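Participant: how does the following fold in three dimensions:
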Amino acid sequence: MNRSDNPYQAPALERPVAELTSGEQASFLTRTYAHLTGAVILFAAIEWFLLGSEAGARIAASILSVNWLIILGAFMLVGWLCSRAAHSVRSVPLQYAALIAFVAIQAVIFLPLLFVAEIRAPGTIRSAGLATLIGFTGLTAIVFFTGKDFSFLRGLLFFGGLLALAAIVLGAIFGTALGTWFSVAMIGFAGVSVLYDTSNILHHYPRDRHVGAALELFGSLALMFWYVLRLMSRR
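Facilitator: Predicted coordinates for the structure are as follows:
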């Protein structure tokens, strides 16, 4: 039977990356990481502008004055919507809009932490960024060189995410500070997320979802950077 006549075969654009030729896989991964790089550059540009402006200081003060549970809830909701849009919407412009919106929202959420880090320990932002980049690159290399499918980590991420969310909610309600060990645990959680997302992209993503793949990777990278910066700024 001709493969194109098989009713159970996924459409060409929806075939997972693992079923593509080596050239097609390389093209997909190149586009994915190019978009991830673009997202990181956009994030850095937004933060550079906001950190050097009065508007940025006002935004940071406004965020700090709001109940953190509201900020967390809004962030999770918008993040979920952006991720869903980037993965399910066929329109390429809408996929890009979802990625850009997600990066912009992350930049705003990060703003208070960046202001505090710069005041407490100048230079910490750069050090945290470098440490995050090294960690992310190392974990990515593990997936690419081993070729292992880390999809089994999904359950760990689900329950770990629930525990982290519960700790954040309880900390906000009872005014309990989440200290050094929480940051260390969340850096580990982010590392597991990088392994899972990278493996998922390498083995299971459809070939036309490079924008969504970049969004997922950026989310894990941002999570790691948040807690590395939080840990370093407390020292």
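Participant: now residue 59: how far from residue 221?
Facilitator: According to CB to CB, to the nearest Å, residue 59 stands 22 Å off from residue 221. For every residue, glycine as well, the C-beta is placed using N, CA and C.
Participant: of the two, who's got more company?
Facilitator: Neighbours per residue (other CB atoms under 10 Å) separate residue 59 from residue 221, with residue 221 holding more: 24 against 17.
Participant: look up how far residue 192 lies from that one.
Facilitator: Distance of residue 221 to residue 192, given as CB to CB: 13 Å.
Participant: do residue 141 as well
Facilitator: Noted for residue 141: a distance of 16 Å to residue 192, by CB to CB.
Participant: comparing these two, which residue is more hemmed in?
Facilitator: Neighbour count, other CB under 10 Å: between residue 141 and residue 192, residue 192 has more, with 16 against 11.
Participant: how about the contacts made by that one?
Facilitator: 153, 156-157, 160 (CB atoms under 8 Å, 6 or more residues apart in numbering).
Participant: okay, it and residue 37: tell me how far apart.
Facilitator: Residue 192 sits 23 Å away from residue 37, going by CB to CB.
Participant: show me where this protein dips below the pLDDT cut-off.
Facilitator: By pLDDT under 70, the weakly predicted segments of the chain are 1-15, 67-70, 72-77, 79-80, 82-83, 85-87, 89, 175, 235.
Participant: which parts of whichever strand or helix holds residue 172 are buried?
Facilitator: Element membership for residue 172 (DSSP states H and E) is helix 154-174. Using 16 or more other CB atoms under 10 Å as the test for burial, helix 154-174 gives 157, 160, 164, 168, 171-172.
Participant: give me the neighbour count for residue 209.
Facilitator: By other CB under 10 Å, the residues close to residue 209 number 22.
Participant: next: residue 23.
Facilitator: Residues near residue 23, counting by other CB under 10 Å: 8.
Participant: what are the phi and psi values at it?
Facilitator: With angles defined as degrees, to the nearest 10, residue 23 sits at phi -70, psi -40.
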